[in-house]
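K.L.:
no sequence on hand, only this structure:
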């Protein structure tokens, strides 16, 4: 692999780790909101929120076609969310399970 490409990939991995560390260290809700407002455009935040909402809908057992219609989302995005929730030890599944009593539908 080209040295320049390797350097860029290494830089990207380090930046990703740095971002994760900043997010992990940010424990104040107002600071996190300010961080999101600074880092993401309004459109990116809206996409972020829509992904969260579709994951909640899937977890609650709503049919994918209904979610697509209700949220004006493609079935492709919804299918990706569904796959994430079906991972037996996936983070999103564990997160929603910890916030809900009934997870028998996933």
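P.N.:
Great, that's in hand. Here the structure is a predicted model, which means the values were calculated and not measured.
K.L.:
the protein - how does it break down into domains?
P.N.:
The chain breaks down into these domains under automatic domain parsing: 1-39, 41-100.
K.L.:
export the ones you listed to TSV and tack on mean pLDDT and mean neighbour count?
P.N.:
Where C-beta positions appear, they are placed from N, C-alpha and C, glycine not excepted. As requested, those are arranged in TSV below (pLDDT from 0 to 100; neighbours: other CB atoms under 10 Å):
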stretch	mean pLDDT	mean neighbour count
domain 1-39	95	10
domain 41-100	91	14
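K.L.:
got the phi and psi for residue 41?
P.N.:
When read as degrees, to the nearest 10, the backbone of residue 41 gives phi -70, psi 170.
K.L.:
for residue 48, see how far away it is.
P.N.:
10 Å (CB to CB, to the nearest Å).
K.L.:
same thing with residue 94?
P.N.:
20 Å.
K.L.:
equivalent analysis for residue 82, please.
P.N.:
In this view, residue 82 and residue 48 are 18 Å apart by CB to CB.
K.L.:
cool, and residue 38?
P.N.:
Using CB to CB, one gets 14 Å for the distance from residue 38 to residue 48.
K.L.:
and residue 10, by the same measure?
P.N.:
27 Å.
K.L.:
same check on residue 90?
P.N.:
For residue 90, the distance to residue 48 - CB to CB - is 18 Å.
K.L.:
and if you look at residue 72?
P.N.:
Distance, residue 72 to residue 48, using CB to CB: 16 Å.
K.L.:
residue 67 now?
P.N.:
On the measure of CB to CB, residue 67 and residue 48 end up 17 Å apart.
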